[in-house]
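Trainee: quick one: sequence and predicted model below, then my questions.
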Amino acid sequence: MAQAVRFCETGGPEVLRWEEVELGGPGRAEVRVRHEAVGLNFADTYFRTGLYPVPLPAGMGVEAAGVVEAVGRGVTDFEPGDRVTYTGSPLGAYSTARVMPAAHLIGLPDAIAFDTAASMTMRGLTTAYLLRRIHPLQAGDTVLLHAAAGGVGLIFTQWAKLLGITVIGTVSSEAKAEVARAHGCDHVVIYTRENVAARVREITGGAGVPLVYDSIGATTFQSSLDSLSRRGLLVCFGTASGPVPPIDAMQLAAKGSLFVTRPALADYIADSAERGALADELFAHVAAGRIRIEINQRYALPDAVRAHRDLESGSSIGSSVFTL
């Protein structure tokens, strides 16, 4: 038997249940993984609330790190005892152990701890595709990043500095502004008391930025558009405040022939070779200490309800993790 967090209906954090589950052995192309740490991501709340519909009842969570306990027929890339991490469907990472497709696993270097991996595989790979795949950024470019003190934000700003990118980051408080600055954010805008687009124009001498990275969604969409330079690109990669409004194509033209994209991590790690390349670059930076992963919130896995409440309150800074 294993234990897992599951939900039978959509709703608030209270729908999450800690249950015993039958595990069984791995089938063809599957592995059984014993988890050592489990990631907590804002995207988890999208499944719980029904924003991302899934058949119910369902498990919860898409990211964890641990040790392979058994492999099924046809599995050649992993064997029992291997250290691994993963992110992506199917749901079920909020568990002490699980059976899952071997194709989703990523080998974890000895230099990276399990809790570090579980707190940064999704965020780190998200940062990797944002910086290395979306647009050909060059040293000297300036970008706007919302939620600069969040889990992705702190990795993003450190990685951007390695690439010579100037980052204007938004945060909600002075405490979060200090955290963002400490991780390399060049200019910090406290959106609760400043006009974001106006500050971006001021910082850039009126030009605006060629790229805006927006994980907030509904409440920041307009200021993101207003911060772009002519022919700029808005990258909407999250909806923490709700979905972005319907896009008015004429507004994009009127504001300077703007572009908007809504990428998903799954489409940048579906190919095993590309996933491996992004993971190798990420792991190399983390193992060498060029990118620091700081876990600021830790929870026991049965405390998932409290963890989700904290996450949705906006009080979290940086990465969060469940430890077993």
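Mentor: Cool, got the structure.

Trainee: for stretch 166-174, what is the average pLDDT?
Mentor: Per-residue pLDDT values over stretch 166-174 give a mean of 96.

Trainee: go through that stretch and flag the buried ones.
Mentor: 166-171 (16 or more other CB atoms under 10 Å). Heads up, the C-betas are built off the backbone N, CA and C, glycines and all.

Trainee: save those as JSON lines, and put in distance to Ser315 too.
Mentor: Formatted as JSON lines, those follow (distance: CB to CB, whole Å):
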{"residue": "Thr166", "distance to Ser315": "28"}
{"residue": "Val167", "distance to Ser315": "23"}
{"residue": "Ile168", "distance to Ser315": "24"}
{"residue": "Gly169", "distance to Ser315": "18"}
{"residue": "Thr170", "distance to Ser315": "17"}
{"residue": "Val171", "distance to Ser315": "13"}
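
Trainee: which stretches of the protein form helices?
Mentor: Counting by DSSP state H, the chain has helices at residues 42-49, 114-132, 151-162, 174-182, 196-203, 221-226, 249-254, 266-269, 272-287, 304-313.

Trainee: mind listing what's buried along the fourth one?
Mentor: Of the residues in helix 174-182, those buried under the neighbour-count criterion (16+ other CB under 10 Å) are 176-177, 179-181.

Trainee: which single one of these is nearest to Leu125?
Mentor: Within those, the smallest distance to Leu125 is 21.0 Å, found for Ala180 (CB to CB).

Trainee: so who does the nearest residue in space to the closest one that is not next to it in sequence touch?
Mentor: Take Ala180 and drop its neighbours on the chain: the residue closest to it by CB to CB, 6 or more residues apart in numbering is Ala148, 4.1 Å away. By CB atoms under 8 Å, 6 or more residues apart in numbering, the contact set of Ala148 is 154, 156-157, 167, 169-171, 176, 180, 185, 188.

Trainee: wait, what's in contact with Gly151?
Mentor: Neighbours of Gly151 in contact, by CB under 8 Å, 6+ apart: 41, 119-120, 123, 318-320.

Trainee: out of those, which one has the weakest pLDDT?
Mentor: Gly318 (73).
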